[in-house]
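Trainee: what shape does this take:
(one chain, ligands or ions: 1)
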Amino acid sequence: MVITGNFRLHCRAVLVICAALCVCACGRGEQPAVQSTAKAAPASPPPQAAPPARPVVVMPRPPELKALPIVLEQGAAVYGERCGNCHGLDGISGGTIPDLRFMNADTHLGFLDIVLGGSHSDNGMPGFAEVMTESDANAVHAYIISRARETYTGD
Ligand code: HEC
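Mentor: Coordinates of the predicted model:
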């Protein structure tokens, strides 16, 4: 058999194509391995923003309590009937409407003006003069003070 130049050229071409195919195949075969190594590397935790500081609400010192137990009972009943729906049952508010245990000295002083006189009615706090006596309002005030004193942890 005579090996012609043409045949040699043909063989070389085939070899080159084979080599090229091999490089391509090997290259492709390696790619997933490289990717999986990258995936296995431990991911660094994303940077986290500091949580927003929550305002600390300190309960003002409640006034002295000068009410008989029977008055506190009356106040608890009136509170449950007239105030609890908005200010929270048992005198504990969910937070949107003021928790009356946290009233400050000025609010204690103005209590009857607010509750009977309706001095905060523009802000959604109705006046109750038509449905409550002053004795009822004072009893509710005493009840709220007693709830505040049960909760107060200061001096
Ligand atoms: C319809 C809902 C509603 C009812 C019922 C209600 N309140 Fe209020 N009350 C409010 C709202 C709203 C405010 C907040 C008003 C403001 O920001 O000025 C408020 C505020 C107050 C304040 C002022 C608190 C502070 O720290 O500034 C007092 C005192 C108060 N209420 C007492 C009472 C009492 C006592 C009763 C029951 C007799 C009562 N409220 C019933 C809605 C209500």
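Trainee: point out where this structure drops to low pLDDT.
Mentor: 1-43, 45-46 (pLDDT under 70).
Trainee: could you redo the last one with a cut-off of 90?
Mentor: 1-58, 89-96, 153-155 (pLDDT under 90).
Trainee: how close does the residue sitting nearest the centre point of it sit to residue 107?
Mentor: Closest residue to the average C-alpha location of the chain: residue 54 at 9.6 Å, with Cα atoms, centre = their mean. To residue 107, residue 54 is 23 Å away according to Cβ to Cβ, to the nearest Å. Placement of C-beta: from N, CA and C, glycine included.
Trainee: what of residue 57?
Mentor: On the measure of Cβ to Cβ, residue 57 and residue 107 end up 14 Å apart.
Trainee: higher neighbour count, the two?
Mentor: residue 107 (15 against 8; other Cβ atoms under 10 Å).
Trainee: can I get the helix or strand the more buried one falls within in CSV, CA atoms only?
Mentor: Secondary-structure element containing residue 107, defined by DSSP states H and E: helix 105-109. The C-alpha coordinates for helix 105-109 follow below in CSV (Å, rounded to 0.1, in the frame of the first residue of the first chain):
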residue,chain,number,x,y,z
ALA,A,105,-48.6,63.7,87.3
ASP,A,106,-50.3,66.3,85.0
THR,A,107,-52.7,63.7,83.6
HIS,A,108,-53.6,62.6,87.2
LEU,A,109,-54.3,66.2,88.0
